[in-house]
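**Student:** only geometry, no sequence info:
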Ligand SMILES: N[C@@H](CCC(=O)N[C@@H](CSC=O)C(=O)NCC(=O)O)C(=O)O
């Protein structure tokens, strides 16, 4: 593991790192905020999965989460959103597919399947790396994310029961099989058989019996992607029918960006802390 940079932040350290990923077969970057409490022993860890076009730096720079993470004693881990510089033809052709748009799944379709293995990287390899190199409690791990990363948080927690003790999302792509972003990504990464998509669709996974810890989701009502891409109402119905506890908060005047996330990020950290620090 290579340290790219480290910065003092609210008594802890915000760092950015790179390692040679075996599952992806290429270097991968990630950020870690280590709170001051980690000087006294391992602390709970909260993974944040970012959205389309973002990097491992976006949340660390824009969300302003470190102050509350330092108060609560939570480590924050921010993975990059895809492999980079893969050389795969078409990987830079669009902002919603390929580089910066890994969708937190392991692609099954060539040529993407050779490198785009974000699910294995985030849930297994990166987690083992963080547990080995940072004062992290691997038995107290939460997961949240935004948009594509909100989809990732919901689906990875559903696909790996018991691995994440707390889950939340900002404006997640909540029914990806039924929106243009998800249809494009799933066709490219998983193929055109829609039956294969359900295992990566949070709404379908809940309907099929998947369960999560009580969920917090925030959604801005001035979000330009809400009507066409996000479909939280479909996820809400699936949760209600399944008895999945969900607090879905809709906020007038908030769009899809990081001003929205910065406004509500403290609530999400406290939601996770209530479980991870209990
Ligand atoms: N380039 C796009 C806008 C891309 C965008 O809005 N990305 C979102 C995530 S969208 C879903 O995953 C984001 O988080 N961007 C980073 C930011 O700093 O806001 C366009 O042209 O509309």
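**Tutor:** Right, received. Where do you want to start? Just so you know, these numbers come straight off a predicted model, no measurement behind them. Residues are numbered from 1 along each chain as shown.

**Student:** Next one: the helix or strand hosting residue 237, is it in contact with the ligand?
**Tutor:** Secondary-structure assignment from DSSP states H and E places residue 237 in helix 232-242. No: Helix 232-242 lies apart from the ligand when judged by C-beta under 6 Å from any ligand atom; the minimum separation is 13.5 Å. Bear in mind the C-beta positions are built from the backbone N, C-alpha and C, glycine included.

**Student:** name the helices or strands packed onto that helix?
**Tutor:** Helix 232-242 sits against helix 202-207, strand 215-220, strand 246-251, with contacts defined as 3 or more C-beta pairs under 8 Å, 6 or more residues apart in numbering; DSSP states H and E.

**Student:** So for the last one, what gets flagged as buried?
**Tutor:** I take that to be strand 246-251. 246, 248 (16 or more other C-beta atoms under 10 Å).

**Student:** and it with strand 215-220, angle?
**Tutor:** Computed by axes from the mean of the first three to the mean of the last three C-alpha atoms, to 10 degrees, the angle separating strand 246-251 from strand 215-220 equals 20 degrees.

**Student:** I'd like the next helix or strand past strand 246-251.
**Tutor:** Using DSSP H and E, the next helix or strand after strand 246-251 towards the C-terminus is helix 258-276.

**Student:** Now that next one: buried residues?
**Tutor:** Using 16+ other C-beta under 10 Å as the test for burial, helix 258-276 gives 258, 260-261, 263-266, 268-269, 271-273, 275-276.

**Student:** what's the answer for stretch 183-197, then?
**Tutor:** 184-186, 188-190, 197.

**Student:** before we move on, what about stretch 15-35?
**Tutor:** The neighbour-count check on stretch 15-35 (16+ other C-beta under 10 Å) flags 15-17, 19, 21, 23-24, 28-35 as buried.

**Student:** That one spans what distance, first to last residue?
**Tutor:** 11 Å (C-alpha to C-alpha, to the nearest Å).

**Student:** Now residue 7: which helix or strand?
**Tutor:** strand 2-9.

**Student:** Now find how far off-centre stretch 51-66 is within its chain.
**Tutor:** 11 Å (C-alpha atoms, centre = their mean, to the nearest Å).

**Student:** in the stretch 1-150 of the chain, which spans are helices?
**Tutor:** Here the stretch 1-150 of the chain has its helices, by DSSP state H, counting those that start in this stretch, at 58-62, 66-72, 118-120, 126-133, 148-159.

**Student:** re the thing from before, just the ones in helices from the buried residues of stretch 183-197, please.
**Tutor:** If you go by DSSP state H, the buried residues of stretch 183-197 have 184-186, 188-190 in helices.

**Student:** could those go into a markdown table alongside distance to the ligand and pLDDT?
**Tutor:** Formatted as a markdown table, these follow (distance: C-beta to the nearest ligand atom, whole Å; pLDDT from 0 to 100):
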| residue | distance to the ligand | pLDDT |
| --- | --- | --- |
| 184 | 12 | 98 |
| 185 | 10 | 98 |
| 186 | 14 | 98 |
| 188 | 15 | 98 |
| 189 | 15 | 98 |
| 190 | 18 | 98 |
